[in-house]
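Colleague: Structure of the sequence below:
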Amino acid sequence: MSNKKEIIAGIIIIGNEVLSGRTKDINTSALATWLNSLGVKVKEVKIIPDEEQIIINTVNQYRSLYDYVFTTGGIGPTHDDITAESISKAFNIEYGFQKEAYSILENYYKPGEFNEGRQKMAKMPVTANLIYNPSSGSPGFYVKNVFCLPGVPSILQSMLGSLTDKITGGDPILSETISLRTVESEIAKSLTEVQNKNKDVEIGSYPFFKAGKLGVAIVLRSTNKNKIEFCKSEIIKFVQDKEIQIV
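Modeller: Got it, this is the predicted structure:
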């Protein structure tokens with residue numbers, strides 16, 4: 001049984017287009033799934049606009065609260081991409097061309113295509129470390145425990161692999177799902193009793209609608225496989241007593 005301390009993270013989704021509903025946020029799910037597999041628990045997610053002071057305040061708050069902070073969005077070539085400059089100010093580091101980023105981008109574009117907009121993608125806190133981008137050349141970056149990734153989901157996901165060795169997690173968080181043909185109110189009391197006896201397992205219940213029928217998915221999460229199994233057997237017991245169908 002390991003005694004690793006819980007490692008926690010916060011995610012900051014930056015972008016007016018997410019707040020307006022024009023862009024769906026699927027980065028939270030991608031980041032949280034990846035972090036869970038490394039034994040890092042996401043404690044909080046915040047969606048904020050492209051406003052410098054809000055970015056600075058949120059980043060400074062999160063980096064003192066969490067072991068790791070991930071930001072997505074706002075590191076592209078356009079005028080409203082202000083994340084990199086805001087992060088520089090949050091850390092009080094000069095904002096300018098990061099030499100390696102500049103040379104990666106200069107080599108990536110054909111001669112004459114590396115215009116001012118594209119050069120802007122090499123601007124960040126000058127002492128930042130890079131997060132390499134196998135999809136589109138333009139790197140993300142990190143300063144201390146704050147990792148800044150692009151907002152485009154496919155590009156963000158392609159960059160996570162290179163970060164895996166930079167993240168030191170606790171024990172991976174395991175999960176088990178039991179799907180029942182029932183409604184939440186029917187199992188709420190029994191589920192609460194199981195939760196009270198199994199403090200080390202996080203139990204969530206999520207209604208679903210499939211093939212015209214209602215159901216509830218019960219998700220058990222813990223770093224300890226045996227505790228999940230025990231908890232599952234407790235749930236199966238009351239489910240069978242109530243003659244609820246498992247699907």
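Colleague: What ranges in the chain fall below the confidence cut-off?
Modeller: 1-4 (pLDDT under 70).
Colleague: let's go with 90 and repeat that
Modeller: Scanning the chain for pLDDT under 90 picks out 1-6, 111, 134-137, 162, 164-165, 168, 170-173, 209-213, 223.
Colleague: Tell me the first helix or strand C-terminal of the longest helix along it.
Modeller: If you go by DSSP state H, the chain has its longest helix at helix 225-241. Per DSSP states H and E, the first helix or strand lying C-terminal to helix 225-241 is strand 245-246.
Colleague: just how off-centre is that next one within its chain?
Modeller: Mean-position distance between strand 245-246 and its chain equals 32 Å (C-alpha atoms, centre = their mean, to the nearest Å).
Colleague: Name whatever forms a beta bridge with the closest residue to Lys166 other than its chain neighbours.
Modeller: The spatially closest residue to Lys166, leaving aside those adjacent along the chain, is Tyr142, at 7.4 Å (C-beta to C-beta, 6 or more residues apart in numbering). Just so you know, the C-beta spots here come from the backbone N, C-alpha and C atoms, and that holds for glycine as well. As for beta bridges, Tyr142 partners with Asn129, Phe147 under DSSP bridges.
Colleague: hang on, isn't Tyr142 packed against Cys148?
Modeller: Yes - counting by C-beta atoms under 8 Å, Tyr142 touches Cys148, with 6.6 Å between them.
Colleague: what is in contact with the two at once?
Modeller: By C-beta atoms under 8 Å, 6 or more residues apart in numbering, Tyr142 and Cys148 have these common neighbours: Ile131.
Colleague: which ones are touching the residue nearest to Lys166?
Modeller: Tyr142 sits next to 128-129, 131, 148, 166 when contact means C-beta under 8 Å, 6+ apart.
Colleague: Point me to the helix or strand that includes Gln157.
Modeller: Element membership for Gln157, per DSSP H and E: helix 153-160.
Colleague: Now do that helix: distance to the chain's middle.
Modeller: With C-alpha atoms, centre = their mean as the basis, helix 153-160 stands 12 Å off its chain's centre.
Colleague: where along the chain do the strands fall?
Modeller: Under the criterion DSSP state E, the chain carries strands at the ranges 7-14, 40-48, 68-72, 95-97, 123-125, 129-131, 140-143, 146-149, 174-181, 202-210, 213-222, 245-246.
Colleague: any idea how far the most centrally placed residue in the chain lies from Thr168?
Modeller: For the chain, Leu31 is the residue whose C-alpha lies nearest the centre (C-alpha atoms, centre = their mean; 2.9 Å). According to C-beta to C-beta, to the nearest Å, Leu31 stands 16 Å off from Thr168.
Colleague: Repeat that for Val69.
Modeller: Distance from Val69 to Thr168, by C-beta to C-beta: 15 Å.
Colleague: Between these two, tell me which one has more neighbours.
Modeller: Val69 (25 against 12; other C-beta atoms under 10 Å).
Colleague: got a list of what the more buried one touches?
Modeller: 9-12, 59, 62-63, 145-147.
Colleague: what are the bridge partners for it, then?
Modeller: Taking DSSP bridges as the rule, Val69 bridges to Gly10, Val146.
Colleague: Return the residues in contact with Val247.
Modeller: Counting by C-beta under 8 Å, 6+ apart, Val247 touches 179-181, 210, 215.
Colleague: and which of these is nearest to Phe238?
Modeller: Phe238 lies nearest to Leu180 out of those, by C-beta to C-beta, at 10.6 Å.
Colleague: ok, that closest one touching Ile218?
Modeller: Yes - the criterion here is C-beta under 8 Å, and Leu180 meets it with Ile218 at 6.8 Å.
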